[in-house]
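Trainee: Give me coordinates for this.
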Amino acid sequence: MIFRGFYLLICSLLLMSCTSGPGFSGAHIDTELQPQSALKAAAEVRGQYVLWGGRIIQAEPREASTTLEVLAFPLQRNQRPDTAKTSEGRFIIVYPGYLEPADYSANRLITVVGRLNDPRSGNVGEAVYHYPVVTGDDLYLWPEQQQGDSEPRVRFGVGVGIMR
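Mentor: As a prediction, this is how the structure comes out:
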């Protein structure tokens, strides 16, 4: 009986170690609402909490906050942006505090939980663009992957191998 409990504990710990990511959750978070839908229904969804992610386009620190422009992607189960899928447009994260632009640099992946605010207009090139705006309560900056890394990497085999 004790062995069985120990076995279940070890299995649980192994499963938990396989799930990486921020693990944002809560009944107050709307996980279905996407940036383009939020923009179309801005007045109705203002104040709702969303879970979004994407690739940082630029970071701009200001006196009391940092603004991140993000190219949105659907989230995978571990809440990592799925850049293999089609982009869902752009959105802005306003984080109340300083974020180092060298850390939050272009092309880094980010996941955010935050409250929707009024949309903001800006330019993408010469085109006028309307952005949904999220006040970031919690941010998760995904670790940078090394060139050539792919997820996950599992190998099975028997014998001798030489790797360089």
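Trainee: how about the strands in this structure?
Mentor: Listed in chain order, the strands of the chain (DSSP state E) span 29-30, 49-61, 66-72, 90-95, 109-124, 127-141.
Trainee: Those strands: which one's closest to Leu39?
Mentor: Between Leu39 and the strands of the chain, the shortest gap by C-beta to C-beta is with strand 127-141, which sits at 4.8 Å. Backbone N, C-alpha and C define where each C-beta goes, glycine included.
Trainee: partner strands of the closest one, parallel or antiparallel?
Mentor: Strand 127-141 has its sheet partners listed here by DSSP bridges as strand 90-95 (parallel), strand 109-124 (antiparallel).
Trainee: With distance to Gly47 as new columns, can those be given to me in JSON lines?
Mentor: Putting these into JSON lines (distance: least, C-beta to C-beta, whole Å) gives the following:
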{"stretch": "strand 90-95", "distance to Gly47": "14"}
{"stretch": "strand 109-124", "distance to Gly47": "6"}
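Trainee: Comparing the ones you listed, which comes out most buried?
Mentor: strand 90-95 (a mean of 22; mean count of other C-beta atoms under 10 Å).
Trainee: low-scoring stretches of this protein, by residue?
Mentor: For the chain, applying pLDDT under 70 flags the ranges 1-19, 146-164.
Trainee: repeat that for 80
Mentor: 1-20, 145-164 (pLDDT under 80).
Trainee: Leaving out chain neighbours, which residue sits closest to the most centrally placed residue in the chain?
Mentor: The residue lying closest to the centre of the chain (C-alpha atoms, centre = their mean) is Thr111, at 1.9 Å. Spatially, and ignoring its direct neighbours in sequence, Thr111 is nearest to Gly53 (3.9 Å; C-beta to C-beta, 6 or more residues apart in numbering).
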